[in-house]
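Q: Output the structure for:
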Amino acid sequence: MSWRTIVISKRAKLDLQLGYMVVRSEEVTKIVLREISTILIESTAVSLTTGLLAELSKRKIKVIFCDEKRNPSSELVSYYGSHDTSNKVRKQIAWKQKTKEAVWTEIVTEKIRKQKEILEILGKEESEILSSYIKEITWNDGTNREGHAAKVYFNALFGLDFTRTEDNYINAGLNYGYSIILSAFTREIVANGYITQLGLFHDNMFNQFNLASDLMEPFRVLIDQKVLQMKLIDFEHSEKMQLVDILNQEVLIDGKKQYVNNAIKIYCKSVFDALNDDDSSLMRFYRIELQIYESFSIFRFTSNNCRK
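A: Sure, this is the predicted structure:
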């Protein structure tokens, strides 16, 4: 099973050699392809051979390309992620609306539950509000408890003046981390033979990743807790690498410890099983061990934390 996340942050040439990716920079490094899950090309001074790109696509290795500001801007998505892609897409189009709504209701409930858990560990009284929202969730989240919970949650984490539209280090960290998680989900969706454009709840004609946007929701809190822990007063290469490394964090799923990358695979498969079998009880969600939460320091954000 692939597990390594490779980051190329300096000028380099990448090519293929006998099952290895060869990185030619100040030194020559060989990395066996079967161990690679994701490659993040952070520098625009990196060149890749078409032979390597073809092999990466064949092996379903996610490749993320960054712009001149070193922010993710595009990714490599295979046309054929599975041998039976055509059959999987037919199934995806035929998913029952009632089943999609049932799955979305479970996803929203789990997202708010995880937000509540973080606030509880931090001793925030707002966790009680989120507990009440969980009880109030209606079918397909018809009363938008997700939106109400998000406002309470982010204000509790980052201060009453915080909004997700501000231009600050916190939002830069959140956006960067979310893009890494989103890419991991698009990889799994395509690898399972489905297309990312057809979502359960998200239905934006300009969003190529509606389904990934749906499925990733319970995993956003992994980014939130890391950004909170980092106490950002800057957002450069080292901070970005801490967020990329979240894919290598261990969580519990199905009673076993798994890296987040592998937990995403298990979770995605369970969601597809639920959709294909019309049974949302088949969904499997991850859990974070208590000691990870307890490593957080409880603090208040000042204006210096929020301004860029």
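
Q: max-length helix in this structure?
A: Under DSSP state H, the helix in the chain containing the largest number of residues is helix 97-121.

Q: who are the neighbours in contact with residue 81?
A: Neighbour list for residue 81: 60, 189-194 [criterion: Cβ atoms under 8 Å, 6 or more residues apart in numbering]. Heads up, the C-betas are built off the backbone N, CA and C, glycines and all.

Q: Let me know the secondary structure of it.
A: Under DSSP: H, G, I helix; E, B strand; the rest coil, residue 81 falls in the coil class.

Q: For burial, what's the neighbour tally of the residue nearest to it when sequence neighbours are not counted?
A: Nearest residue to residue 81 in three dimensions, chain neighbours excluded: residue 190, at 3.6 Å (Cβ to Cβ, 6 or more residues apart in numbering). For residue 190, the neighbour count with other Cβ atoms under 10 Å is 23.

Q: per-residue confidence averaged over the helix or strand harbouring residue 190?
A: Under the criterion of DSSP states H and E, residue 190 resides in helix 169-191. For helix 169-191, the mean pLDDT works out to 95.

Q: now do stretch 103-112
A: Computed over stretch 103-112, the average pLDDT equals 98.

Q: contact partners of it?
A: 130, 133-134, 137, 139-141, 145-146, 149, 200-201, 214-215, 217-218, 220-221, 271, 274-275, 280, 283, 285.

Q: rerun that using 6 Å as the cut-off
A: 130, 133-134, 137, 140-141, 146, 149, 200-201, 217-218, 274, 280, 283, 285 (Cβ atoms under 6 Å, 6 or more residues apart in numbering).

Q: Stretch 31-42 now?
A: Contacts of stretch 31-42 (Cβ under 6 Å, 6+ apart): 2-9, 19-21, 59, 61-66, 70, 261.

Q: Which of those residues fall in helices?
A: Per DSSP H, the contacts of stretch 31-42 map to helices at residue 261.

Q: are any of the contacts of stretch 31-42 buried, and which?
A: Among those, those classed as buried by neighbour count (16 or more other Cβ atoms under 10 Å) are 2, 4-9, 21, 61-66, 70, 261.
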